[in-house]
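*Asks:* Give me coordinates for this.
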Amino acid sequence: MDNYREKIIRIVERELERTEEYQQRRDEYGNEEYILGCIMVKGDAFPKEVIAHAFVEDMGLELQFQVWRDELRIRQKQAMWYDLTLFDVEGDFFGKLEQGYSILSVSDLFHCTAWNATEYLADEQNRDKENSCWKGMQRYLNYCKKHGITRNYLVKKEEYDGIDAMKFYDKSAVAKFEKNRKTQDQCR
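*Replies:* Residues are numbered from 1 along each chain as shown. You can find the predicted model right below:
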C-alpha cells in the first residue's frame, strides 16, 4: 500500500504543477511553494477517483482526476482555484469521506484546520442527529486514531492551540458505519 500511496502522491504533485491554473499563478506571482493539504481516493477497483487540495498563500487549488490501473494514467482532470475562506471542511472534506472517499494523505496543517472544524460539527450534531458529515468526521477521527494524530502531536508540529477533537471520536459509531459499508458492498 505504501508504494501505491507514494505513487499517487507523486502523481498528484506532478499534476498540480501541470495544471493551467497553477501555471498561471506561477507566471503571475513567481514560483510559490504550495502545501498539499489532503488527498482522498474513492473506489476499491480501478479507475480510482482522486481529489486533492493544495494551498498557496490565501488560495486553494482543488484537483480531481481518475487514476487507471495499467499505467496510472490520468483521465478527466479538473482543477479549480478558490478563495481559502470558501473552503468548507465539513462539506469539502468530511462530506467526501461520508460519500465513500478515504484518506490517502493529510498534512499536519490541514489536520489543525479539520480539528478546529470538529467542535462546530459536534455542536451541530447535538441539534441535528441526521447530519451526514458526522459520519465523515468519525471516519476522519478514526484515521487520526490509527495514525497517531493527537492534540500533543499537532501542538509539537504546528503549535496547534485548538480543542482536542478526539473527545468527539465515537468508536462504536465507526464500527457500525464500516459494518454497514461492508454489507452494502456485498449486496452489489
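*Asks:* Local confidence estimate at T150?
*Replies:* Looking at T150, its pLDDT stands at 97.
*Asks:* count of neighbours near it?
*Replies:* Neighbourhood size, T150 [other Cβ atoms under 10 Å]: 14. Placement of C-beta: from N, CA and C, glycine included.
*Asks:* Same question for N142.
*Replies:* 20.
*Asks:* repeat for S102
*Replies:* Look at S102: counted by other Cβ under 10 Å, it has 13 neighbours.
*Asks:* So that it lines up with my notes, have the first residue be 19 from now on.
*Replies:* I'll keep to 19 as the first residue from here, and by that count the last item is S120.
*Asks:* isn't it right up against K60?
*Replies:* Yes: S120 is in contact with K60 according to Cβ atoms under 8 Å; the separation is 7.2 Å.
*Asks:* distance of E177 from C130?
*Replies:* 9 Å (Cβ to Cβ, to the nearest Å).
*Asks:* what sits against the residue nearest the centre of the chain?
*Replies:* The centroid of the chain falls nearest to C56 when counting by Cα atoms, centre = their mean (4.3 Å). Contact partners of C56, counting by Cβ atoms under 8 Å, 6 or more residues apart in numbering, are A70, H71, F111, I121, S123, V124, S125, F128.
*Asks:* just for the chain, where's the confidence low?
*Replies:* Counting by pLDDT under 70, the ranges of the chain that qualify are 19-20, 49, 62-65, 75-76, 83-104, 142-150, 195-206.
*Asks:* between E177 and C130, who's got more neighbours?
*Replies:* Here E177 and C130 are compared on neighbour count by other Cβ under 10 Å; more neighbours surround C130, at 19 against 8.
*Asks:* which residue packs closest to that one, ignoring adjacent ones?
*Replies:* Take C130 and drop its neighbours on the chain: the residue closest to it by Cβ to Cβ, 6 or more residues apart in numbering is Y178, 4.8 Å away.
*Asks:* list the contacts for that neighbour?
*Replies:* For Y178, the contact set (Cβ under 8 Å, 6+ apart) comprises C130, W133, R169, L172.
*Asks:* Can I take it that it is in a helix?
*Replies:* No: assigned with DSSP: H, G, I helix; E, B strand; the rest coil, Y178 falls outside any helix and is coil.
*Asks:* V107: how many residues sit nearby?
*Replies:* For V107, the count of nearby residues is 22 (other Cβ under 10 Å).
*Asks:* Check T37 too.
*Replies:* Counted with other Cβ under 10 Å, T37 comes out at 18.
*Asks:* Now it: phi and psi?
*Replies:* phi -70, psi 150 (degrees, to the nearest 10).
*Asks:* Same question for G118.
*Replies:* Torsion angles, degrees, to the nearest 10, at G118: phi 110, psi 0.
*Asks:* Could you give the separation of the lengthiest helix in the chain from the chain centroid?
*Replies:* Counting residues, the longest helix found in the chain (DSSP state H) is helix 126-145. Relative to its parent chain, helix 126-145 has a centroid offset of 13 Å by Cα atoms, centre = their mean, to the nearest Å.
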